[in-house]
Every structure is written in C-alpha cells, then in structure tokens.
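Peer 1: give me the fold of what follows.
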Amino acid sequence: MRASIRRLLLCPLTGIALLSGCAGQKEVAVAPPPVPVQAQPVPQPLPPLGATANMQIPSIGVDGQRVTPNRDLSGPATLWHMRMALNVAALSCQGSGDAARLQYNQLLARHRAALTRANAQVEGEYKAQFGGAAIPQRERLNTVVYNFFALPPVQAAFCAEAVRVGATVNSLPADQLLAYAPAGLAALEKPFTDFYDAYARYQSNLAAWRSGRALAMAPVVLEVRLSRADLIADDGVIAPKGTLPRLLARAD
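Peer 2: Here you go, the predicted structure:
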C-alpha cells in the first residue's frame, strides 16, 4: 500500500491519479456525481373555464347524480324544464346564425298544444302540493332553473348542445315530444354537470396544493462538462488503456 502511494506521488499528471504507476499502466477516471434534481412546486390550480373561486356546486345524491333543479320531475315538468332551458338558449346564445332563437320560436309554434297541456299539468301539481302558495313556489323554482342554465362559464358548451336538441325537438311529431323530454333535458344539463365535476376536481387539487403535498419533480436536463480536475481515480472503475488521455483531450 505504501509503495502504491509513493508511486502515486511520484507520477502526478496535473492532478490525475493513476492506479498502478506511470506510463504503460491502466488509467482510472470517474465523472463527478450528478447534480441533485430539485423538486419544483406545482402552480396553484385554477378554476375550470375561467370560473370564479369559492363557487358552491351541487352535491352528489345517493344515486350518484348531482342534485340539480332538474331531478325527480314528472313527465310534464320534465318537458317544461326542457322548454325553459331552450328559452335560456334563445335569449343568450347569439352564435350559429341565431339558430337557438329561431329554433325556440319554431318550437313554440310547432308544439304549442303539447306545451300548453304540460304547463296546465305542472300548474296542477303545484296547486296540489302548495295550495295557495303554488304560484310563488313555481315562480321561485322557475328562477332557479333559469339561473341554472344561464351559468356563464358553461354557455359555449350549452349553446352548442341547445342547437342540437332544438333541431331534434323540431323534427319530432307532436305525440313524441313528451317521450323525448327526459333525453333532451339530460343532454341540455350535461355541460353543466361536466363543469361541476371539473370544478370538484379543481377544489380537490387546490386543497392538495394548499397542504403543500402537490410537488412534482420537474425534468431537468443536466450538461456535464469534464475538466482535468474533475477526473479522479477509483479502484472500482478501470478504463481501457489510453482512455484517459482521450477524455482529457475532449475536456479541454
């Protein structure tokens, strides 16, 4: 061991140690250890579709569906809610050549009898349930339904769906409108329930971010540049003869 040390001291190569003597011996070199990759903080999650923070969204009921004003409706009430949704679209959806408004006007003319009948049946339901308070109760619910379908972040998706549903409604015979209403209302509501699901994910991500758990390892590209001083001897790594001079030449 002492002899090896003496040979090492007698054969310096600008700070490079050779394992087994001077010229003609095998050379050993090891690159420096990699630079540790630092964990990068995840940016604060943002609400979907530019929505405001701290929104109150409908909860999920025991049936796995969001509790909205369009749940647990009779057949006539379902048709009436579909009509209200298409009314919102007629008032707020100005794209596609004003298709939503034109379709809604066509709906009122084409299916006037079916809509009048549904309205009378819904009015009877409210009178049976609320008695003298039927009218204010129905007006209150109508306001809730209109506000539900007027939620600003969802209008683009809702308007597109309203045009599709409006075209289907106006292609139906009068006697099929009531049967189609559940599917039509579900299609009109889906952009909103999709948004609420996305908002719930945002709330979950925001809670994780605030707790400090949301850290990700950002990919970092490391460029290793070797210099003569970076190369060291190591008994566990043996390079073929002649490798070290070539490494040193590239390092310079």
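Peer 1: phi, psi for Ala160 please.
Peer 2: Backbone torsions of Ala160, given as degrees, to the nearest 10, read phi -60, psi -40.
Peer 1: residue contacts, it?
Peer 2: Neighbouring residues of Ala160 by Cβ atoms under 8 Å, 6 or more residues apart in numbering: Ser96. Placement of C-beta: from N, CA and C, glycine included.
Peer 1: change it to 10 Å
Peer 2: 89, 93, 95-96, 100, 191 (Cβ atoms under 10 Å, 6 or more residues apart in numbering).
Peer 1: could those residues go into JSON lines alongside distance to Glu161 and secondary structure?
Peer 2: Shown next, in JSON lines, are the contacts of Ala160 (distance: Cβ to Cβ, whole Å; DSSP: H, G, I helix; E, B strand; the rest coil):
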{"residue": "Ala89", "distance to Glu161": "9", "secondary structure": "helix"}
{"residue": "Cys93", "distance to Glu161": "10", "secondary structure": "coil"}
{"residue": "Gly95", "distance to Glu161": "13", "secondary structure": "coil"}
{"residue": "Ser96", "distance to Glu161": "12", "secondary structure": "helix"}
{"residue": "Ala100", "distance to Glu161": "10", "secondary structure": "helix"}
{"residue": "Pro191", "distance to Glu161": "6", "secondary structure": "helix"}
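Peer 1: go through the residues you listed and name the one nearest Gly131.
Peer 2: Nearest to Gly131, judged by Cβ to Cβ, of the contacts of Ala160 is Ala89 at 33.4 Å.
Peer 1: for stretch 70-79, list every residue counted as buried.
Peer 2: 70, 73, 76-79 (16 or more other Cβ atoms under 10 Å).
Peer 1: hey, C-alpha coordinates of that stretch in CSV?
Peer 2: What follows is stretch 70-79, C-alpha atoms only, in CSV (Å, rounded to 0.1, in the frame of the first residue of the first chain):
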residue,chain,number,x,y,z
ASN,A,70,-84.0,19.1,-12.8
ARG,A,71,-84.2,16.0,-10.6
ASP,A,72,-87.3,14.0,-9.6
LEU,A,73,-89.6,15.6,-12.1
SER,A,74,-92.9,14.3,-13.5
GLY,A,75,-93.2,13.8,-17.3
PRO,A,76,-94.9,17.2,-17.9
ALA,A,77,-92.4,19.0,-15.6
THR,A,78,-89.5,17.4,-17.5
LEU,A,79,-90.9,18.8,-20.7
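Peer 1: so what's the gap between that stretch and the chain middle?
Peer 2: Centroid displacement of stretch 70-79 relative to its chain, using Cα atoms, centre = their mean, to the nearest Å, is 31 Å.
Peer 1: please, which helix or strand holds Val62?
Peer 2: Per DSSP states H and E: Val62 is located in neither a helix nor a strand.
Peer 1: against Arg71, how distant is it?
Peer 2: Per Cβ to Cβ, to the nearest Å, Val62 is found 11 Å from Arg71.
Peer 1: you'd agree Pro182 is up against Met82?
Peer 2: Yes. The pair Pro182 and Met82 passes the contact test of Cβ atoms under 10 Å, sitting 8.6 Å apart.
Peer 1: these two: which is more packed in?
Peer 2: It is Met82, of Pro182 and Met82, that has more neighbours when counted by other Cβ atoms under 10 Å, with 28 against 15.
Peer 1: helix or strand for the more buried one, which one?
Peer 2: Using DSSP H and E, Met82 maps to helix 75-92.
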